[in-house]
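Student: Show me how the following folds:
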Amino acid sequence: MMKIKYIIILHLIIPLLIGGFIYISFRSNTLILFNISDDISDSFQTVRNLTLPYRKSIPNWIIYSLPDFIWAYTFTTAIILINQDKFRTFNRYCLLLLMVVLTHEILQLFHIVRGNFDIIDLSLEASAFFVSFLLFKPLEQEYSNDELILKTDKTI
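Tutor: Predicted coordinates:
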């Protein structure tokens with residue numbers, strides 16, 4: 001039970017918090033995220049004011065592409081963790097999962113959704129998929145006291 005909590009915190013929650021921090025701190029305040037409520041917008045503006053002096057020292061790929069990597073990584077990891085007990089069947093659907101991860105960026109290429117297509121984003125999203133897949137590809141599974149205990153071929 002402890003190992004799955006550790007995996008969820010380290011590979012899902014912390015990356016999403018980092019990606020959220022990047023969005024709140026450095027992305028355009030015209031994003032939907034900033035229109036949730038006035039109280040939240042005020043809190044976001046406080047964070048933006050504190051991080052503004054550091055904006056010029058952060059490379060653009062961290063601000064604009066790293067959140068896409070994080071999203072793709074956490075999404076893929078969550079799907080893999082949810083489907084651990086069906087992983088052999090799940091392997092057959094990996095191409096579909098990869099397409100889901102890449103769809104938004106590809107739709108931007110054809111101007112179907114708002115945003116700018118970026119080959120760096122596309123390659124980072126694909127890389128995130130493969131990193132997650134390779135990291136969490138299980139060697140075996142054990143069920144103990146109705147808990148799923150993950151065994152991976154990489155030390156986490």
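
Student: Going by C-alpha atoms from here, please, whenever you check contacts or count neighbours.
Tutor: Fine.

Student: what about stretch 109-118, average pLDDT?
Tutor: The pLDDT scores in stretch 109-118 average 89.

Student: Quick one: the strands in the chain, in order.
Tutor: For the chain, the strands defined by DSSP state E occupy 138-144, 147-152.

Student: weakest of those in terms of mean pLDDT?
Tutor: Mean pLDDT is lowest for strand 138-144 among these, at a mean of 43.

Student: just checking, residue 107 touches residue 113?
Tutor: Yes: here residue 107 reaches residue 113: they are 5.8 Å apart, a contact under C-alpha atoms under 8 Å.

Student: Helix or strand with the lowest mean pLDDT in this structure?
Tutor: strand 138-144 (a mean of 43; mean pLDDT, DSSP states H and E).

Student: in the chain, what spans have low per-residue confidence?
Tutor: By pLDDT under 70, the weakly predicted segments of the chain are 1-2, 30-35, 37-39, 85-92, 137-156.

Student: Can you name the residues that contact the residue sitting nearest the centre point of it?
Tutor: With distances taken as C-alpha atoms, centre = their mean, residue 71 lies nearest the centre of the chain, 2.1 Å away. By C-alpha atoms under 8 Å, 6 or more residues apart in numbering, residue 71 lies in contact with 16, 19.

Student: any idea how far residue 54 is from it?
Tutor: Here the criterion is C-alpha to C-alpha, to the nearest Å. By it, residue 71 lies 23 Å from residue 54.
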